[in-house]
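Peer 1: from the sequence below, what's the structure:
(chains A and B)
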Amino acid sequence: MELARLLPLLLLSAWLLPLGSFAAIVFAGPRMGRGGRKAAYLATGAIGAALVLSLAALGAWLWHHPLAADSQAVAPLSGDWYTLAEFGKLRLAIGYYIDALTLGMFVMVTLISTCIHVYSIGYMREELGEVTDPLVRGSDGGPLVRPGRFPRFFQYLSLFCFSMLGLVVAGNIAMVFVFWELVGICSYLLIGFYIERRSASTAANKAFLVNRVGDFGMIVGIMILLGGLGTFAFGDHLGAEGKVEPGIFSQVRPASAEHGLVVPDGLVRMAAADRLAAVYASMPSADAAEEEIARQIPQLRRAGYGYGLLILAGLGIFCGCVGKSAQFPLHVWLPDAMEGPTPVSALIHAATMVAAGVYLVGRFYPVFAPEVLLVIAVTGCITLFLAATIAIAATDIKRVLAYSTVSQLGYMMFSLGLGGWAAGLFHLFTHACFKALLFLCSGSVIHACHTNEMTEMGGLRKKMPWTAGTMLVGCLAISGAGIPLLIGLSGYHSKDAILAQAFSFARHAPAHAWLFYVAAAGAALTAFYMFRLWFMTFSGKPRVEQVYDHAHESPAVMIVPLVILAVLAISAGWTLPGVDWGLPELLEQARPLGTAEGFPEARTIAGLVVPAEHHSHAPAVHKIVSLAAFAAALAGFLIAAAFYGLRLLSAAAARRWFAPVHWLLVHKWFFDELYDALFVKPALFLARQAAEIDRGVIDWAADGSARLCLRIARIDDWIDRWIVDRFINGLGRWTWRLGLALRPLQSGQLRQYVVMIAVSTVTIFVLISIYRNYAFLP
Amino acid sequence: MTLTSPPILLSLIVFLPALGALLVGLSPKARDELAKQIALAFTVLVLALTVYVAIPAPADPGAIAPSGPETSSRFVVGAGQMQRAFSIPWIESFDIYYALGIDGISLPLVLLTSFLSVLAMAASWSISRHVKAYCVLFLLLETGMLGVFLALDFFLFYVFWEVMLLPMYFLIGVWGGPRREYAAIKFFLFTMFGSVLMLVAILALYFSSDLNRLDKSQLAAAKVHTSVLKEHDPGGPPLHTFNLLALAEQGQAKDSPFSAELVWGKSIQWWVFLLLLVGFLVKAPSFPLHTWLPDAHVEAPTPISMILAGVLLKMGGYGIIRICYPICPAAAYELAWLVCTLGVVSMVYGALAAMAQKDFKRLVAYSSVSHMGYVVLGLGVWTITAQTGMSGDYWKMGMNGAMFQMIAHGISSAGMFFLVGVVYDRVHHRDLDRFGGLFGKMPVYTGVSMVIFFAALGLPGLCGFIGEVLVVLSVWNYSQALAVIAAFVMILTAGYILWTIQRVYLGPEYKGPHGDALRPMTRRELAIAAPLLAFAILLGVYPKAVFNYMAPSVDRTVDALAAWAAESQDPITGAIGSGASAPPGSAGLASLRPDGPWKEVEQP
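Peer 2: Below is the predicted model of the structure:
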């Protein structure tokens, strides 16, 4: 079968398998063995099969497009599977856009998911029977006892895998949005997995709402693109009459302009709507008007029409990514999301879903103007530093890792924003491996200690050698340990690539050189907080004996995934010598057209030049950066060792010296309090006002007018009774009296009647005649 | 004339419930169960007939434009024009005809009505007072609702509109909660206020209409009765009409009789549009005419809430798309800003007000205000401008989205009201702060509720998403500010829905009274919830189930308006009509105009 048909088929199968597992568990979950045990096997089997299919797809791809040291971009496969709705040329469809990045993500997501599914079988074992939740009080005051929810957990995991794979394979931005929301709801369900805990359901709500704030921006971006380009699709499509309809990417970077950034006609039209109306008004026919408009568009484009909209669209899409990838200023949800079970934190809130924002920035790269890239870089830079500082002061083991995740995601965004497309996505892959590892290790520790607080741990390496060993690998990987200029763990390669790009950027745009220094400082902080975590947990003496005594190494079903992930954390960054097989080479095949040669100078920011990525591979850059990064990480490690490992320095004393800083960091820079005061409270206030307007204004007016009507009716009634009725009654009485008065006339004598008739007739006749001036009177 | 011919079958659909009401009325006393069974049987029968109509007919040309009398009432999918229409003299001296017909706009709503009527009747088993009267009124209500959606004569439409009003008044006023009288009167007065304005508009249209301005083919397409064709005399005195299709044909004509000035420099159609709009927006309901809705819902019994939210509100949207826009295009163009602004304000306002509610049912009622705002907005986004190259595609997207939203909201809001009713039946309170922990006690109920609430939240894969996203995305090319505000509502919606879920379903335990009564759903309740759940998912993943029926008719409406706009709109000043003020260009734009709205006969 040819590649263009085989790959979509393979990925479709891999994508739908978890959905099948989800549906099966929904309908038959509790009946799947004791406590629903078999649901786990079903879900794990489904994702494992998806992994095999993804690997097959990757294999088929590599067979056709072998990797090389100088891999070139390969044209992606795109098309539609299923149309949801169609209006004229606007189409809402479920489609695919497959390139090396898609395949890499598929393998990464399914691989890590499989590891975490296996791990969860052990970790969630308690949920098979009745669960005693010590964090929730039951009605009798004791800890709450509830039935286990083992199948439900795997049901959600399956739904998540389906949604995540759908997001990765998506062929258009609307489909991205669909699965963006679905991974969001999976995240919501899994953060709130312990539904009895108020903190969990609140954290789930917070996660979803903060993400919706990002999605709001994303919808605005999609609106602009749809309104201007008339399509959701990334790639070109075969239209109805066999005509090729250009997708978003080829409209923004048309082949005719050698894939340079061009403001599409639609956006120019949108920005110049008033002028177009004038053209229409002055032309004899619509066709002539369109002809004239087509002639004017290049001039309008040169004058800058539509460029602002292009920036706005890019910022909108990035806004969604800020929410999903927990970047400043929407980073606040991720640490709270640690309320979910630890495997969830590893899968969703470290390795895959939160990386979706980075993935989307990478996918949407062709559309971003240099100004947008600078915003992305600055956002990433602020995030990586901010989160790293908070991680220093956190004592909850999962929260340290959560802030570390935020910080690392910041690195990825930072890199993408500086033009380091491959470096940023490279870090996405390596980070997924070592961060999943770190989270699972922390889960293993929590499973053994029943606490998250590192201040209650210590010395655990003797009790949990495997966990301690694999976690050390994770710490080394994230710190970027390696032999400079030669080889290192996965994080060494990817972080070096990022810093090299930052250095290269600083050389091209000296005004933004600070970005490099902050990132390098961040590298030192990373090493510090990671080894602080490791030393506090595993080395030294136990802090709380009780915790230490109960601690035990986790079962094999949890250890095996740790070992697999540790191997990946070590080797994921390597390029196999001789064949040149490695992630960077794979990513080069997916590089968006037109981005290899760098970006044009920004229109609105002078001196902003985003350099091409290959500049950062220059030996001069590479050598300096490699050594600098190594020095930074080493410094971080040494400080951590001095405070927490060797205990040469006292952490408590340091806390006292820097009390205000510590206070700020412990309170996480007061973002939660700030947002509560700035957004949540005013929103609730407005809500109450709206309800009040309903009662106080609209209903007051409606009820008031009803009451007014009643009052008018009462006045009416009074008039009726006292004026109209009186008149009528009076009239009646008068008539009555008149009748009485006239009664004597009714004498009953015929003669008298005849006389009266005659007299009256004559009188009336005379009167009429006089009145009418009739002349027949004598 | 066979049983399946349109005059018989469509009339059966409308009047079978009334017949059922008669039968219930004649049923023996003190046999409540029997009355309910008869009523349910009739609603099921009506559902069967409407489903029969919806079975796609073979698409041969004769099916749409028959030469002789039609023998089939089945719908031709993919054809946009009015189908299976007929017209029978009713009050001939006032040109009032008994005219019914179906198209892609009315059929989905008819199906929704008959479907929800079955479910609501099934949910009425808990009614125990005056059961016979309840069933009679319920069935009369169904006749009124179906009649509104099928009527093609404006007067007939108005009659059905009023027929539906009175049963509703009694159903709320007799079977409602503690403040039922207030709620019922409020409902009645608000709606009456709207219908009085509508009556004025109807008469204004009637007296300014003139069938003699249309040619024979237009009259035939409008399904006017043959006796009118005989009177037709282009030079003669005005020939008034209530025929909705003929009125639309005149409204979209180049020298529309409705463009004559009435008062204050505004044309007849401007006033008519405004009057009708107010009438329909009361029903929709849109800010600031919505306050009857929360009260009516809070007091109404559960099945009546389901009907009220699921069907009655849709009449507002239906009226706007069926009557306001086709008949008064110039006014619609001029007042599009009003329609869209009211839609967006309703969206924001409803969502905010919902967030502040303490009563479960009130919250759901305000969510209806917010969700119906999407409908109003989507109908109004007039994007046929120079910027889009006079393309109607975005408006088609908005209008289809709005129509879809009506169906989706019919499912999700009826579901939400039913689910609130389920828990109210058990614990007899609706105080949101005194729930919690229902998940532990009623897991299936909670699962169903979460799906239905997520559908209301607009989660992809469920019915609410499609309508909302299509509407919101279509707005940008009409107004960027409104588009941004509309997108913002997404956050508010998520806020109040998630907060509600947390307060009611999550948490360690139930906090209110009668905790022991919280037993899992009964089989009957499940049987009502399951179809709603199934449709919430089905329409979310296969929206074409609706669009296949709906889109051709909606697109046709937009195309007709686009054609009208191309002929008479000056893109620079927005001036309507090719009078002296029109620039030379506007006359030439007539070349864009395809065939008229109702006259072409599509070959499927």
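Peer 1: so where do the strands sit in chain B?
Peer 2: B:83-91, B:96-102, B:261-263, B:266-267 (DSSP state E).
Peer 1: with the stretch 201-350 of chain A instead?
Peer 2: Here the stretch 201-350 of chain A has its strands, by DSSP state E, counting those that start in this stretch, at A:237-238, A:244-245.
Peer 1: just name the most buried of those strands.
Peer 2: Of all the strands of the stretch 201-350 of chain A, strand A:237-238 carries the top mean neighbour count, a mean of 16, counting by mean count of other Cβ atoms under 10 Å in any protein chain shown. The C-beta positions use only the backbone N, C-alpha and C, and glycine is treated the same way.
Peer 1: state which helix of the chain is the longest.
Peer 2: With no chain named, the answer covers chain A. Of all the segments of type helix in chain A, defined by DSSP state H, the longest one is helix A:198-229.
Peer 1: my question was about chain B, not that one.
Peer 2: Longest helix in chain B, counting residues (DSSP H): helix B:393-427.
Peer 1: just how off-centre is that one within its chain?
Peer 2: When C-alpha coordinates are averaged (Cα atoms, centre = their mean, to the nearest Å), helix B:393-427 and its chain have centres 11 Å apart.
Peer 1: same question, stretch B:274-290
Peer 2: Stretch B:274-290 sits 13 Å away from the centroid of its parent chain (Cα atoms, centre = their mean).
Peer 1: quick one: residues in contact with that stretch.
Peer 2: If you take Cβ atoms under 8 Å, 6 or more residues apart in numbering or on different chains as the criterion, stretch B:274-290 is touched by A:698, B:190-191, B:193-195, B:197-198, B:200-201, B:204, B:292-293, B:312-313, B:315-317, B:319-320, B:323-324, B:328, B:331, B:335, B:338-339, B:342-343, B:345-346, B:349-350, B:369, B:372-373, B:375-376.
Peer 1: and those residues, which are buried?
Peer 2: A:698, B:190-191, B:193-195, B:197-198, B:201, B:204, B:292-293, B:312-313, B:315-317, B:319-320, B:323-324, B:328, B:331, B:335, B:339, B:342-343, B:345-346, B:349-350, B:369, B:372-373, B:375-376 (16 or more other Cβ atoms under 10 Å in any protein chain shown).
Peer 1: in helices only, show me the residues you listed.
Peer 2: B:190-191, B:193-195, B:197-198, B:201, B:204, B:292-293, B:313, B:315-317, B:319, B:331, B:339, B:342-343, B:345-346, B:349-350, B:369, B:372-373, B:375-376.
Peer 1: out of the residues you listed, which are close to chain A?
Peer 2: B:190, B:292, B:349 (Cβ under 8 Å from any Cβ of the partner chain).
Peer 1: need the contact list for the first one.
Peer 2: Spelled out, it's residue B:190. Residues near residue B:190 by Cβ under 8 Å, 6+ apart: A:702, B:282, B:285, B:289, B:291-292.
Peer 1: list the contacts for the residue in the stretch 51-200 of chain A positioned nearest to chain B?
Peer 2: Relative to chain B, the nearest point of the stretch 51-200 of chain A is residue A:88 (3.3 Å; Cβ to the nearest Cβ). Applying Cβ under 8 Å, 6+ apart to residue A:88 gives the contacts B:391-393, B:396, B:555.
Peer 1: OK, contacts around residue A:435?
Peer 2: The contact partners of residue A:435, taken as Cβ under 8 Å, 6+ apart, are A:346, A:350-351, A:401, A:404-405, A:408, A:474, A:478.
Peer 1: just checking, it is part of a helix?
Peer 2: Yes: the assignment for residue A:435, made by DSSP: H, G, I helix; E, B strand; the rest coil, places it in a helix.
Peer 1: count the residues that sit near the residue nearest to it when sequence neighbours are not counted.
Peer 2: For residue A:435, ignoring the flanking residues on the chain, the nearest one in space by Cβ to Cβ, 6 or more residues apart in numbering or on different chains is residue A:350 at 4.2 Å. Other residues lying near residue A:350 total 30 when counted by other Cβ atoms under 10 Å in any protein chain shown.
Peer 1: residue A:350 is in contact with residue A:437, isn't it?
Peer 2: No: checked against Cβ atoms under 8 Å, the pair residue A:350 and residue A:437 is beyond contact range at 9.5 Å.
Peer 1: hmm, back to that, list just the nearest of the ones next to chain A among the ones in helices among the buried ones among the contacts of stretch B:274-290 to residue A:111.
Peer 2: Closest approach to residue A:111 among those (Cβ to Cβ): residue B:349, at 48.6 Å.
Peer 1: surely residue B:398 meets residue B:381?
Peer 2: Yes: using Cβ under 8 Å, residue B:398 is in contact with residue B:381, at 4.2 Å.
Peer 1: so where's the stretch 51-200 of chain B uncertain?
Peer 2: Scanning the stretch 51-200 of chain B for pLDDT under 70 picks out B:59-69.
Peer 1: quick one: the helices in it?
Peer 2: For the stretch 51-200 of chain B, the helices defined by DSSP state H, counting those that start in this stretch occupy B:61-64, B:106-122, B:131-150, B:154-175, B:180-208.
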